[in-house]
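Participant: Give me a 3D structure for the following:
(one chain, ligands or ions: 1)
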Amino acid sequence: MGILVTGGAGFIGSHTCIELLNDGNEIIVVDNFSNSNPESLNRVCRITGKSIKIYHLDLLDLESLEEVFLVNQIEAVIHFAGLKAVGESVQDSLKYYKNNIATTIIICELMQKYSVKNLVFSSSATVYGLPDTVPISEGFPLKAINPYGRTKLMIEEILQDLYISDNEWSITILRYFNPIGAHESGMIGEDPSGTPNNLMPYITKVAVGQLNVLNIFGNDYPTIDGTGVRDYIHVVDLAIGHVLALDKTLKSTGVKIYNLGTGKGYSVLEVVSAFESATGVKIPIKITNPRPGDAAICYADPKKAEKELNWKAKKGIIEMCEDSWRWQSRNPDGFKINEESENPRLIYSEDFLIPNN
Ligand code: UD1
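Facilitator: Numbering: from 1, shown residues only. All right, here's what the predicted structure looks like:
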């Protein structure tokens, strides 16, 4: 029996593949590589010494996706695939509703049809909107404030309804705070296309000399130094959270929701200072206007995941900065170096299951 991982080549997906393989799982990845590179999976295989079965297809392609369910014995699905750029979601909301919501419905229909009723879903702290207080626990009011956030919130609601309609389902919704860092090998990490929207990839691009200065979006928030505070979590801690969530999903039914964060907030200036001390690289900064829709402070109450999943983030901000920098400094252009794979165990075919027309 295998675990189907959608979007497994992405930042969180690839790190989770490593932890799943290390935990002895067989994995099948489905990815359209629209915002990722198959090289990340190549490296996952090199890091773990294990193989992955990879399907290059789009989740909207129902017919091809059905083949995956027919050919493989799937025990559970971890659904990462989705678009995640807030600004783009405002410009092109239909693209987000189609890609994020329609794909989730398609995958759930197939799961229902093939009686694979175990699902772990990637949600986001974005579903809390601009929270009135912190730390944020799972029972806080939900109020997404942009199309991207609304796709996450709508999918959460769809999944709750799915369970009501068929209570054989076991669904775990994970609300991520701010994942940064990279695998300690420095071989995989975050590889955004174009100019990064998020803080840490922007900092590492400045550090590696590809961008000149970090623009800090506002320094007049009611925080320790006026800059925005977030709950940064090491992507490997997050990946381990998925393995524990999967175990729990396989052992029960119902819908469970967990925050995955550290419970500690850092301001933008604190992150810059942690990065500089972890790496010795100076980051030039410039204070600019606040970014519309940004909360002043956002950090998790992670106690529920600790109690029910026995999960707790272990890696601190310095390790997050060191690992982000190891990845970026060794791979200044991300996965773009298309070196020939040395790993014969990787089963990858561009044409796999793509109809011959
Ligand atoms: C952002 C998204 C959120 C999404 C998450 C995915 C917005 C408004 N929010 O969260 O919906 O789930 O990414 O990872 O886009 N900052 C700068 N300069 C930069 C970049 C960021 O000062 O160049 C500041 C931001 O104002 C914020 C902090 O750094 O205070 C973190 O920003 P970011 O990494 O973009 O994460 P979020 O805004 O929390």
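Participant: So what does Thr300 have for phi and psi?
Facilitator: Rather than Thr, residue 300 is Ala. phi -90, psi 150 (degrees, to the nearest 10).
Participant: tell me the contacts of it?
Facilitator: 125, 135-137, 175, 177, 231, 259-263 (C-beta atoms under 8 Å, 6 or more residues apart in numbering). All C-beta spots, glycine's among them, are computed from the backbone N, C-alpha and C.
Participant: Which ones among the residues you listed lie within strands?
Facilitator: Secondary structure from DSSP state E places 175, 259-260 of these in strands.
Participant: can you put those in CSV and add neighbour count?
Facilitator: Output for the ones in strands among the contacts of Ala300, formatted as CSV (neighbours: other C-beta atoms under 10 Å):
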residue, neighbour count
Arg175, 24
Asn259, 27
Leu260, 29
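Participant: for the residues you listed, which one is nearest the ligand?
Facilitator: Nearest to the ligand among those, counting by C-beta to the nearest ligand atom, is Arg175 at 9.6 Å.
Participant: Hmm, Ala245 and the closest one touching each other?
Facilitator: No: counting by C-beta atoms under 8 Å, Arg175 stays clear of Ala245, with 11.3 Å between them.
Participant: Spell out which residues are contacts of both of these two.
Facilitator: Contacts common to Arg175 and Ala245, judged by C-beta under 8 Å, 6+ apart, are Tyr258.
Participant: ok, now which ones touch Ile257?
Facilitator: Ile257 neighbours (C-beta under 8 Å, 6+ apart): 123, 138, 156, 172-173, 175.
Participant: Count the neighbours of the residue of the chain found nearest the ligand for me.
Facilitator: Residue nearest to the ligand within the chain: Gly228 (2.3 Å; C-beta to the nearest ligand atom). A count of nearby residues for Gly228, using other C-beta atoms under 10 Å, gives 24.
Participant: number of nearby residues for the residue nearest to Leu62 when sequence neighbours are not counted?
Facilitator: Excluding the flanking residues, the one nearest Leu62 by C-beta to C-beta, 6 or more residues apart in numbering is Ile106, at 5.5 Å. Each residue near Ile106 was counted by other C-beta under 10 Å, and the total is 17.
Participant: How about the contacts made by Ile106?
Facilitator: 59-60, 62, 65.
Participant: which parts of the helix or strand hosting it are buried?
Facilitator: Using DSSP states H and E, Ile106 maps to helix 103-113. Neighbour counts using 16 or more other C-beta atoms under 10 Å place 103-104, 106-108, 110-111 of helix 103-113 among the buried residues.
Participant: Helix or strand for Ile28, just tell me which one.
Facilitator: In this assignment (DSSP H and E), Ile28 forms part of strand 26-31.
Participant: do the same with Ile171
Facilitator: strand 170-176.
Participant: hey, C-alpha coordinates of that strand in CSV?
Facilitator: Coordinates of each C-alpha in strand 170-176 appear next as CSV, following Å, rounded to 0.1, in the frame of the first residue of the first chain:
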residue,chain,number,x,y,z
SER,A,170,-10.7,10.3,8.0
ILE,A,171,-9.5,13.8,7.2
THR,A,172,-6.8,15.8,8.9
ILE,A,173,-6.5,19.5,8.1
LEU,A,174,-3.1,21.0,8.9
ARG,A,175,-2.9,24.8,9.2
TYR,A,176,0.7,25.8,8.5
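Participant: tell me the angle of it relative to helix 103-113?
Facilitator: 160 degrees (axes from the mean of the first three to the mean of the last three C-alpha atoms, to 10 degrees).
Participant: What is the burial count for the nearest residue to Ser137 once chain neighbours are set aside?
Facilitator: Leaving aside its chain neighbours, Ser137 sits nearest to Asp301 (4.1 Å; criterion: C-beta to C-beta, 6+ apart). Using other C-beta under 10 Å, Asp301 is surrounded by 18 other residues.
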